[in-house]
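A.B. asks: Based on what follows, work out the 3D shape:
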Amino acid sequence: MGGAKKKAIGSQEKTSKDSPAADDKTKKGEKKGPIKQRQKTLIAIEESQGLKTLKSMKPITSQSLARSMGVKISIANSFLRSLESKGMLKSIGGYSGHKIYELGHTDASQ
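C.D. replies: Have a look, this model is predicted:
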């Protein structure tokens, strides 16, 4: 019953031509501005720098390593898995993919 009235066709054309903001209107959920393409970058953790960080950490998890090194969790996780395969780390616990590691004895002597 009550509510906003429809504008006349002539006034709709005037407002759309006069205001540049009408051209920038997007549908719900779409972002405004230029579309940026994602760049594929390869970021890896250097082994010496990663081991230095791991020595100062008490619970070694991929989340804590990613936070301290400033990298993505997937990169930290792959770094930890590579150290585990080399025998430098040992999995001591965790659940549902969230493993907790400890440094192995072979790394402490280096």
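
A.B. asks: where along the protein do the helices fall?
C.D. replies: Using DSSP state H, the helices assigned to the chain run over residues 9-18, 21-24, 47-55, 62-69, 73-86, 105-108.

A.B. asks: List of residues touching the fifth one?
C.D. replies: To tie it back to what came earlier, the one meant is helix 73-86. The contact list for helix 73-86 (CB atoms under 8 Å, 6 or more residues apart in numbering) reads 43-45, 47, 50-51, 54, 60, 62-63, 65-66, 69, 89-91, 99, 101. For every residue, glycine as well, the C-beta is placed using N, CA and C.

A.B. asks: Recalculate using a threshold of 10 Å.
C.D. replies: Here helix 73-86 makes contact (CB atoms under 10 Å, 6 or more residues apart in numbering) with 42-47, 50-51, 53-54, 60-72, 88-91, 97-99, 101, 103-104, 106-107.

A.B. asks: Could I have the CA atoms of it written out in CSV?
C.D. replies: The C-alpha coordinates for helix 73-86 follow below in CSV (Å, rounded to 0.1, in the frame of the first residue of the first chain):
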residue,chain,number,x,y,z
ILE,A,73,49.8,-22.3,6.3
SER,A,74,50.0,-24.6,3.2
ILE,A,75,53.7,-23.5,2.7
ALA,A,76,54.5,-24.0,6.4
ASN,A,77,52.8,-27.4,6.3
SER,A,78,54.8,-28.6,3.2
PHE,A,79,58.0,-27.3,4.9
LEU,A,80,57.3,-29.3,8.0
ARG,A,81,56.4,-32.4,6.0
SER,A,82,59.7,-32.2,4.1
LEU,A,83,61.6,-31.9,7.4
GLU,A,84,59.7,-34.9,8.7
SER,A,85,60.6,-37.0,5.7
LYS,A,86,64.3,-36.0,6.2
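
A.B. asks: Alright, I will stop here.
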